[in-house]
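# fold the following for me, if possible:
(one chain, ligands or ions: 1)
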Amino acid sequence: MMKQIQAGSGALFAAFVFVHLINTFLAAFGIAAYDGFQGAVRVVYQAFFIEMLLLGALLVHLVVGITRIVIEPKRSLSTRARWHRYAGFFLLFVIGGHITAVRGSSWFYGVFPGFEGLAFSIDYAPYYFVPYYFLLGVAGFYHAINGLSVGLPRLGFKLALSNRALRLSTSAVAVAMGAALLGFAGTWTDVGQPYESEFAKLALEILRGFTT
Ligand code: HEM
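Okay, the predicted model is just below:
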């Protein structure tokens, strides 16, 4: 039963992750592509009921995942499963901070990060945010796609994903994430006025509060 709950909650949240990653990849094409897509899909994933359903699925998924690791600690793991677990631990470590930073700003202050907000973060602290977002995207994709290949058969759906397909798709996502980050960094795109964005002003004000 726990395996089915883990599969169902993971599949639900994975749907959001795929849309969210497509949104991120669009940063390679600049502000209009990224913000335009986000504006269109945000009305769906931030509709109250859907957002609570997604965040609830995420919470259930990580509680069940940790519980299974604790009560079945000695399972021997394949290489794929081991990487699945490493990606899961990384996501577990960062997801609270990610949601607080990029959704907390709109929950508590009515400020959405958007393209310029992310461009600001990357310009302000590149040595932190470039590797962080790169790993978040790649680990998020790997955990979601490999999780679906394990979980969907438990729910009665078939999804055969060969090692080669997993390797190729994850490599493609790594390239797309690299391009997205270069887009946010303004390598070949116009990034607008990152330091004039409401998100930058809010973040700098909060940071000043910590340092004074
Ligand atoms: C790696 C590139 C990523 C970037 C640049 C990014 C950026 C963002 C931004 C800007 C938002 C706010 C969206 C909005 O206001 O509409 C957001 C929300 C969120 N992100 Fe990410 N994200 C990334 C990857 C991920 C991954 C891999 C996950 C999950 C494993 C994730 C989980 C979430 C969640 C749960 C929310 C809150 C959604 C909501 O309640 O509306 N993100 N992210």
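# now F29: how far from the ligand?
Going from F29 to the ligand by Cβ to the nearest ligand atom, to the nearest Å gives 14 Å. Placement of C-beta: from N, CA and C, glycine included.
# which residue, neighbours along the chain excluded, lies closest to that residue?
Spatial nearest neighbour of F29, chain neighbours left out: G183 (6.8 Å); criterion: Cβ to Cβ, 6 or more residues apart in numbering.
# how close does that neighbour get to V60?
Separation of G183 from V60 (Cβ to Cβ, to the nearest Å): 34 Å.
# with neighbour numbers in mind, choose between these two.
Using other Cβ atoms under 10 Å as the criterion, G183 and V60 rank with G183 on top: 26 against 17.
# what residues does the helix or strand where that one lies touch?
G183 belongs to helix 163-184 when assigned by DSSP states H and E. If you take Cβ atoms under 8 Å, 6 or more residues apart in numbering as the criterion, helix 163-184 is touched by 21, 24-30, 34, 80, 115, 118-119, 122, 130, 133-134, 137-138, 141-142, 145-146, 149, 188-189, 191.
# what do you get for stretch 96-108?
Residues outside stretch 96-108 that contact it (Cβ under 8 Å, 6+ apart) are 55, 111-113, 117, 136, 199, 202-203.
# among the residues you listed, which are within reach of the ligand?
Contacts with the ligand are made by 55, 112-113, 136 out of the contacts of stretch 96-108, judged by Cβ under 6 Å from any ligand atom.
# in stretch 158-171, which residues are buried?
Judged by neighbour count (16 or more other Cβ atoms under 10 Å), stretch 158-171 contains these buried residues: 166, 170.
# circling back: list buried residues within the contacts of stretch 96-108.
Among these, those classed as buried by neighbour count (16+ other Cβ under 10 Å) are 111-113, 117, 136, 199, 202-203.
# export those residues to a markdown table and tack on secondary structure and distance to L159?
Compiled in a markdown table, the buried ones among the contacts of stretch 96-108 are given as follows (DSSP: H, G, I helix; E, B strand; the rest coil; distance: Cβ to Cβ, whole Å):
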| residue | secondary structure | distance to L159 |
| --- | --- | --- |
| V111 | coil | 39 |
| F112 | coil | 34 |
| P113 | coil | 33 |
| G117 | helix | 35 |
| L136 | helix | 24 |
| F199 | helix | 37 |
| L202 | helix | 41 |
| A203 | helix | 40 |
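# just name the closest of those residues to G8, please.
In terms of Cβ to Cβ, no member of the buried ones among the contacts of stretch 96-108 lies closer to G8 than L136, at 23.5 Å.
# which residues sit in contact with that closest one?
Applying Cβ under 8 Å, 6+ apart, the residues contacting L136 are 91, 94, 98.
# nice, that's everything, thank you.
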